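Undergrad: I would like to see how this sequence folds:
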Amino acid sequence: MEKPKDRDFVETVEGLLFCVVGYLHPPDRYTAYLKYVPSPDGRWSRKGTRYARVIPYYHVSQVENTYVLLRERYPQYLFHCPVRNITVSSVLRTSVETYYHPRRRLRSILAGGAGDPLEQRLIDLVTLLSDLSGVRRGDLGVTGSLLTGSHNPKFSDIDLTVYGQAASRRLKEALIEARREDGEVQPYGRERLEAWSRSRSRRFPLSFEELMGFAERRWNYGVYRGTYFSVHPVRTDGEITEGYGDRVYRQRGVVAGTAEITDSRESIYLPAIYQVDNVEAEAPGEVEQIVSYEGLFCDIFEDGDRVEFRGILEQVSGDRDYYRVVVGAAGSSTGYIKPAA
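TA: All right, here's what the predicted structure looks like:
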């Protein structure tokens with residue numbers, strides 16, 4: 001049986017659509033955040049049902065806002081996790097009406113043909129990226145509203161998934177090269193990069209100039225025939241090595257400091273994991289990792305980079321004990337990672 005993965009979707013018996021987060025899931029639940037709810041005023045639709053987005057964008061503060069709705073109307077989807085020692089939204093497996101797999105959905109669209117212009121652009125984009133990178137179509141998927149079939153061809157984006165470290169790296173290299181050329185895959189122009197940076201400056205404790213630096217480093221997005229698209233690396237089953245309960249995580253307060261990145265390979269995924277050394281921070285033990293649940297900080301920094309950080313200090317207990325800094329998780333809405341001055 002395939003393991004649950006980041007950016008899968010689940011639909012509950014009430015018709016709620018949740019997006020799966022990460023790879024740490026209790027045996028009877030899927031860790032996920034609420035993204036779409038049935039609403040007569042919704043802009044998305046499927047099979048006669050209209051849907052509204054519960055959060056305008058992914059950020060820990062927005063996810064925590066959904067807990068208010070869940071607490072009032074669907075408390076069964078809030079769970080105090082004894083492994084992470086925080087309350088998270090999650091879906092009981094017995095409450096799942098449909099589980100949506102990105103690879104299966106893409107395979108179905110490729111085999112059955114496009115049902116609308118957006119699906120046709122998806123087919124053409126996947127074909128182009130596969131040809132450019134050598135990544136098999138079977139290692140690609142589609143998530144977001146296209147996954148659940150609730151997309152609106154007039155405004156919906158294309159959100160792709162790519163599975164495994166090797167395939168992700170090949171696609172990254174091909175996409176960077178394709179954006180350098182004057183072809184169908186285009187990067188953001190200067191005006192759009194500036195707008196992106198201004199909007200993020202209202203969400204993160206980072207300056208406009210710092211965010212422009214992030215914007216120029218990001219590789220996993222582009223514009224294809226006028227449609228925005230993004231690419232999200234996802235672990236394969238063999239790359240999911242931690243079982244639920246193998247380790248226990250306990251928050252120890254807010255921490256800030258600097259560190260040197262020693263291994264950035266697993267930062268390509270979400271959560272992004274950076275191995276670090278030479279850490280300067282107020283911590284009761286050695287900090288070995290900086291972990292980000294915020295996509296802004298995924299695959300941005302390289303080995304040897306010295307970074308400044310702010311996040312939640314977590315004590316990790318398991319086969320061995322250590323500390324890590326978590327950005328973008330519960331209680332860390334003001335967290336960040338940025339190049340050290």
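Undergrad: centre of the chain to stretch 190-207, how far?
TA: Its chain's C-alpha centre and that of stretch 190-207 lie 19 Å apart, by Cα atoms, centre = their mean, to the nearest Å.
Undergrad: cool, and stretch 144-157?
TA: Here stretch 144-157 is found 17 Å from its chain centre; the criterion is Cα atoms, centre = their mean.
Undergrad: that one: end-to-end distance?
TA: 8 Å (Cα to Cα, to the nearest Å).
Undergrad: for the helix or strand hosting residue 307, buried residues please.
TA: Assigned by DSSP states H and E, residue 307 falls within strand 306-317. Neighbour-count burial for strand 306-317 flags 307, 309, 310, 311, 312, 313, 314, 315, 316 (criterion: 16 or more other Cβ atoms under 10 Å). In short, each C-beta sits where N, CA and C put it, glycine included.
Undergrad: could you do stretch 279-294 as well?
TA: Going by neighbour count (16+ other Cβ under 10 Å), the buried part of stretch 279-294 is 279, 281, 283, 287, 288, 289, 290, 291, 292, 293, 294.
Undergrad: try stretch 98-114
TA: In terms of neighbour count (16+ other Cβ under 10 Å), stretch 98-114 has its buried residues at 99, 100, 101, 102, 103, 105, 106, 107, 109, 110.
Undergrad: so who does the residue lying closest to the third one once chain neighbours are set aside touch?
TA: Counting by Cβ to Cβ, 6 or more residues apart in numbering, residue 101 lies nearest to residue 8, which is 6.2 Å off, once chain neighbours are set aside. For residue 8, the contact set (Cβ atoms under 8 Å, 6 or more residues apart in numbering) comprises 19, 20, 30, 99, 100, 101, 102, 143.
Undergrad: please apply the same query to residue 254.
TA: Residues in contact with residue 254 (Cβ under 8 Å, 6+ apart) are 310, 311, 312, 313, 332.
Undergrad: what angle do the strand or helix carrying it and strand 306-317 make?
TA: Per DSSP H and E, residue 254 falls inside strand 248-263. Angle, strand 248-263 to strand 306-317, by axes from the mean of the first three to the mean of the last three Cα atoms, to 10 degrees: 150 degrees.
Undergrad: give the buried residues for strand 248-263.
TA: 249, 251, 255, 256, 257, 259, 260, 261.
Undergrad: please verify my assumption that residue 336 contacts residue 300.
TA: No - using Cβ atoms under 8 Å, residue 336 makes no contact with residue 300, being 11.2 Å away.
Undergrad: how is this protein partitioned into domains?
TA: Following automatic domain parsing, one finds the domains of the chain at 9-100, 102-237, 247-339.
Undergrad: what about the shortest one, average pLDDT?
TA: Per-residue pLDDT over domain 9-100 has a mean of 95.
Undergrad: can you give me the end-to-end span of it?
TA: For domain 9-100, the first-to-last residue distance is 5 Å (Cα to Cα).
Undergrad: and residue 276, what is it in contact with?
TA: Contacts for residue 276 were tallied using Cβ under 8 Å, 6+ apart; they are 259, 260, 261, 262, 287, 288, 289, 290, 307.
Undergrad: and if you look at residue 263?
TA: Residues near residue 263 by Cβ under 8 Å, 6+ apart: 274, 275, 303.
Undergrad: just the buried ones out of those, please.
TA: Buried among these (16+ other Cβ under 10 Å): 274, 275.
Undergrad: could the contacts of residue 263 go into a markdown table alongside secondary structure?
TA: Supplementary listing: the contacts of residue 263 in a markdown table, determined by DSSP: H, G, I helix; E, B strand; the rest coil:
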| residue | secondary structure |
| --- | --- |
| 274 | strand |
| 275 | strand |
| 303 | coil |
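Undergrad: how much space between residue 75 and residue 67?
TA: 10 Å (Cβ to Cβ, to the nearest Å).
Undergrad: those two: which is more packed in?
TA: residue 67 (18 against 10; other Cβ atoms under 10 Å).
Undergrad: put the alpha carbons of the helix or strand hosting the more buried one into PDB.
TA: Assigned by DSSP H and E, residue 67 belongs to helix 60-73. Extracted C-alpha coordinates of helix 60-73, given in PDB (Å, rounded to 0.1, in the frame of the first residue of the first chain):
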ATOM      1  CA  VAL A  60       1.200  28.700   9.500                       C
ATOM      2  CA  SER A  61      -1.000  31.600  10.700                       C
ATOM      3  CA  GLN A  62      -3.500  30.800   8.000                       C
ATOM      4  CA  VAL A  63      -3.600  27.100   8.800                       C
ATOM      5  CA  GLU A  64      -4.100  27.900  12.500                       C
ATOM      6  CA  ASN A  65      -7.000  30.100  11.500                       C
ATOM      7  CA  THR A  66      -8.800  27.100  10.100                       C
ATOM      8  CA  TYR A  67      -8.700  25.500  13.600                       C
ATOM      9  CA  VAL A  68     -11.400  28.000  14.700                       C
ATOM     10  CA  LEU A  69     -13.800  26.600  12.100                       C
ATOM     11  CA  LEU A  70     -12.800  23.000  12.800                       C
ATOM     12  CA  ARG A  71     -13.200  23.500  16.600                       C
ATOM     13  CA  GLU A  72     -16.700  24.900  16.100                       C
ATOM     14  CA  ARG A  73     -18.100  22.500  13.400                       C
END
